[in-house]
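J.: Predicted coordinates and the sequence they were generated for:
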Amino acid sequence: MEKEVYLSESSSKKLANAAIGLYFVVNIIYIIIYKIFNDVDLALYFKPLIVPSIAFAHFFLTKKKNYFFNMLLYLVIYFADNLILLEDRSLYVFSTYLYFIAISILFYYVVSDSRLFKRIPIIERNYPYFLLVISSSVVVYKIVNFIYDIPFKETVVVLLYVVMFLTVLIVSIYNAIKAKSKASRFLLFMLLCLFLSDTFEVLNNYYLHNNTLIFLSCLVDVPIYYFLLRYLLHREQSITL
């Protein structure tokens, strides 16, 4: 039985707006605590609320009956975001792998929506298998390293993530220019915010050590998952049209 039986559209919107409001409040508090004051212990109280608040907003706003795949995306991001705070190197590598899975799901979405790949049938038909092979290869590589006690090169996972991220970014730019849809624009906004946030952090941590970079990183970090929410909702609408 669907959620519409229990909630009117106005009630769903109110609950969704409350969840979005919670997202921004909790996210801002978390960013201040973690990025500015570097208090990891206190940040752990707020970080677990960020992704679920956006996921709940999605649940109340979606018109799609089957939204399991999107919820899986939120679940993967949730564990990746929170495991990385535990500051364990093995968990950090695992979090990177989870982020790779998340960006692979987005890659699946952008390729499905892109007119570019529809002109190349062999890519359109086979890219799900390509993603499966890449993901399985990383798992097999990790198992082999564990069995034979060989140090796991986390750079492999990081490199795969970077390549996949840049690919999604490039295809998203193409989609935003060609399709000119709200969904493609929101995805592009999200990816640009992610890129800028990471860039500012790297510049601050390893090169310039400037508080302005921390502020800019915090600023672009706030709306990332809100843009993800809007992208997924608008994408669902475009598919059902």
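T.: Sure thing, it's come through.
J.: Distance of residue 201 relative to residue 30?
T.: For residue 201, the distance to residue 30 (Cβ to Cβ, to the nearest Å) stands at 15 Å. Yep, even glycine has a C-beta here, placed from its N, CA and C like the rest.
J.: To clarify, my last question referred to residue 84.
T.: 13 Å.
J.: that older thread, residue 201 and residue 30: who's more crowded?
T.: Ranked by neighbour count (other Cβ atoms under 10 Å), residue 201 and residue 30 place residue 30 first, with 23 against 17.
J.: Poorly predicted segments of this protein, please.
T.: For the chain, applying pLDDT under 70 flags the ranges 1-8, 65-67, 89-90, 115-132, 134-154, 239-241.
J.: Could you pull out the helices in this structure for me?
T.: Counting by DSSP state H, the chain has helices at residues 9-31, 40-61, 68-83, 89-113, 115-118, 121-147, 154-178, 182-203, 211-221, 224-240.
J.: Residue ranges of each domain in the protein, please.
T.: In terms of domains, the chain is parsed into 1-61, 66-240 (source: automatic domain parsing).
J.: Now do the nearest residue to residue 103 once chain neighbours are set aside: how many residues are near it, please.
T.: Nearest residue to residue 103, sequence neighbours excluded (Cβ to Cβ, 6 or more residues apart in numbering): residue 164, at 4.9 Å. The number of residues packed around residue 164, counting by other Cβ under 10 Å, is 20.
J.: List the contacts of residue 164.
T.: For residue 164, the contact set (Cβ atoms under 8 Å, 6 or more residues apart in numbering) comprises 100, 103-104, 107.
J.: one more time with 10 Å, if that's ok
T.: Contacts of residue 164 were listed using Cβ atoms under 10 Å, 6 or more residues apart in numbering, and they are 99-104, 106-107, 131, 134.
J.: what's the answer for residue 212, then?
T.: 200, 204.
J.: ok so, going back, overlap in contacts, residue 84 and residue 30.
T.: The contact lists of residue 84 and residue 30 share residue 47, where a contact means Cβ under 10 Å, 6+ apart.
J.: next one: stretch 42-55 to chain centre, how far?
T.: Remark: stretch 42-55 is offset 14 Å from the chain centroid, using Cα atoms, centre = their mean, to the nearest Å.
J.: Offset the numbering so it begins at 58, please.
T.: Okay, residue one is now 58; in that scheme the one you just asked about reads as stretch 99-112.
J.: And that stretch, what's buried?
T.: Neighbour counts over stretch 99-112 (16 or more other Cβ atoms under 10 Å) mark 100, 103-104, 106-112 as buried.
J.: Dump these to JSON lines, plus distance to residue 79.
T.: Converted to JSON lines, the buried residues of stretch 99-112 look like this (distance: Cβ to Cβ, whole Å):
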{"residue": "100", "distance to residue 79": "16"}
{"residue": "103", "distance to residue 79": "11"}
{"residue": "104", "distance to residue 79": "13"}
{"residue": "106", "distance to residue 79": "7"}
{"residue": "107", "distance to residue 79": "9"}
{"residue": "108", "distance to residue 79": "12"}
{"residue": "109", "distance to residue 79": "9"}
{"residue": "110", "distance to residue 79": "5"}
{"residue": "111", "distance to residue 79": "9"}
{"residue": "112", "distance to residue 79": "12"}
